[in-house]
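Novice: This is the structure alone, sequence omitted:
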């Protein structure tokens, strides 16, 4: 690519190849295209704007440093999302917050994972308008612990499987299942109460 005017019409794969060759302008175009999603994913995990901005920046630095390791097995957007998730998990671990709650003990007291399956499916968001629903979900997510919000984001938003999440978070499959169950139950309760507050 000969100039920055070409970048806007280039696809991600071409930009990655150029950036891997040392073209910083091509990488800047990738940042411009994907920075909002990267920031959004960081914010969905850490729930703080300043921290999310810092972690997003760190993720982009990691991406530039590791760009030659990207071989296109997944899309660049997916690769970047994985990087920012890893950066956020490392940050949470450093703050010693991931293990603050012992859901494993809570699950044992109830009789194990098999006892944690929901008996019925509820739709606590029925009747909420779409824009309002997004706000309610965001508000409810903010009330979850880091550990519960993280596993919910990875499973529901990123579509990751239980075993993938367990490997990424460095915990057991049972821990992932119990945290996800608790997070879903807590979200349903929060959304239901928020819905009731609207009088709908």
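Specialist: Received, thanks. Here the structure is a predicted model, which means the values were calculated and not measured.
Novice: Quick check: closest non-adjacent residue to residue 91.
Specialist: Closest residue to residue 91 apart from its sequence neighbours, by C-beta to C-beta, 6 or more residues apart in numbering: residue 55 at 5.9 Å. Any C-beta I mention is one placed from the backbone N, CA and C, and that applies to glycine too.
Novice: Tell me the buried residues in the strand or helix carrying that neighbour?
Specialist: Using DSSP states H and E, residue 55 sits in helix 49-65. Buried residues in helix 49-65, defined by neighbour count with 16 or more other C-beta atoms under 10 Å: 51-52, 55-60, 63.
Novice: check contacts around the residue nearest to residue 91.
Specialist: By C-beta atoms under 8 Å, 6 or more residues apart in numbering, the contact set of residue 55 is 42, 46, 84, 87-88, 91.
Novice: of these, closest to residue 179?
Specialist: residue 88 (15.9 Å; C-beta to C-beta).
Novice: what's the following helix or strand after the worst-scoring helix or strand of the chain on mean pLDDT?
Specialist: Here the helix or strand of the chain ranked lowest by mean pLDDT, DSSP states H and E is helix 103-109, holding a mean of 49. Once helix 103-109 ends, the next helix or strand along the chain (criterion: DSSP H and E) is helix 130-141.
Novice: circling back: got a winner among the contacts of residue 55 for most neighbours?
Specialist: Counting neighbours by other C-beta atoms under 10 Å, residue 42 leads the contacts of residue 55 with 27 neighbours.
Novice: From residue 159, how far out is residue 181?
Specialist: Separation of residue 181 from residue 159 (C-beta to C-beta, to the nearest Å): 18 Å.
Novice: Counting neighbours, go ahead and name the busier of those two.
Specialist: The neighbour comparison of residue 181 against residue 159 (other C-beta under 10 Å) goes to residue 181, with 19 against 8.
Novice: Tell me which helix or strand that one sits in.
Specialist: Going by DSSP H and E, residue 181 is in helix 173-198.
Novice: Any buried residues in that helix, and which?
Specialist: Applying 16+ other C-beta under 10 Å to helix 173-198 flags 174-184, 186-188, 190-191, 194-195 as buried.
Novice: what's the domain layout of this protein?
Specialist: 4-94, 103-198 (automatic domain parsing).
Novice: Where among those is average confidence lowest?
Specialist: Among the domains of the chain, domain 103-198 carries the lowest mean pLDDT, a mean of 77.
Novice: If anything else comes up later, I'll come back, but that's it for now.
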